[in-house]
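Novice: Provided below for reference: sequence and predicted model.
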Amino acid sequence: MLARKLDNAVWQEQQQYTIEEVQIRQQQRKADRHKLLRRRVMVVATVVLATYMYSVWRSSDVVHYGNEIIALQRQETRLINKNNELKIEVEQLKGPGRVIRFAERELGMSVARSNIYVKAGVAKNYNGPTVLASK
């Protein structure tokens, strides 16, 4: 009977030790699960933050390029208007009335009314680009 009591005491000690051991293992597993969960949350948060930062960076590029396009369109409009004004000015400067006025005022020339040359489209006696106009 004494041996039996001794065996029971040893068995209960082993059982208590294993219960304590099991509790420690469970706590370690919980701690490991919490660490794993924290790591996963940190990885997901890092990915989300990196995606957000990339999105903000791309949006700022889009805005920057949009502003450049608007500035270039304004410049294009100004240049087209200036080109149209210069075309009108060229047409005015190369008109025959201006050439005649310049010749009369600056050079003292006068138009000979008897020798006016007209550019003809199709003539029967076509000898060149100009034909003497008949009176």
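Specialist: Good, I have the coordinates. This structure is a prediction, so every number in the text was calculated from the model and none was measured.
Novice: CA atoms for contacts and neighbours, from now on please.
Specialist: Will do.
Novice: Now do the longest helix along the chain, average pLDDT.
Specialist: Taking DSSP state H as the criterion, the chain has its longest helix at helix 2-93. For helix 2-93, mean pLDDT is 88.
Novice: Next secondary structure after that helix?
Specialist: helix 96-105 (DSSP states H and E).
Novice: for Ser110, helix, strand, or coil?
Specialist: coil (DSSP: H, G, I helix; E, B strand; the rest coil).
Novice: I'd assumed Ala103 was in contact with it.
Specialist: Yes: assessed by C-alpha atoms under 8 Å, Ser110 is found in contact with Ala103 at 7.2 Å.
Novice: more crowded one of these two?
Specialist: A count of neighbours by other C-alpha atoms under 10 Å puts Ala103 above the other of Ser110 and Ala103, at 14 against 11.
Novice: Nearest residue to the more buried one in space, please, no chain neighbours.
Specialist: The shortest distance from Ala103 to any non-neighbouring residue, by C-alpha to C-alpha, 6 or more residues apart in numbering, is to Met109 (5.4 Å).
Novice: What is the burial count for the one you found?
Specialist: 12.
Novice: if I look at it, how far off is Gln92?
Specialist: Met109 is 21 Å from Gln92, where distance means C-alpha to C-alpha, to the nearest Å.
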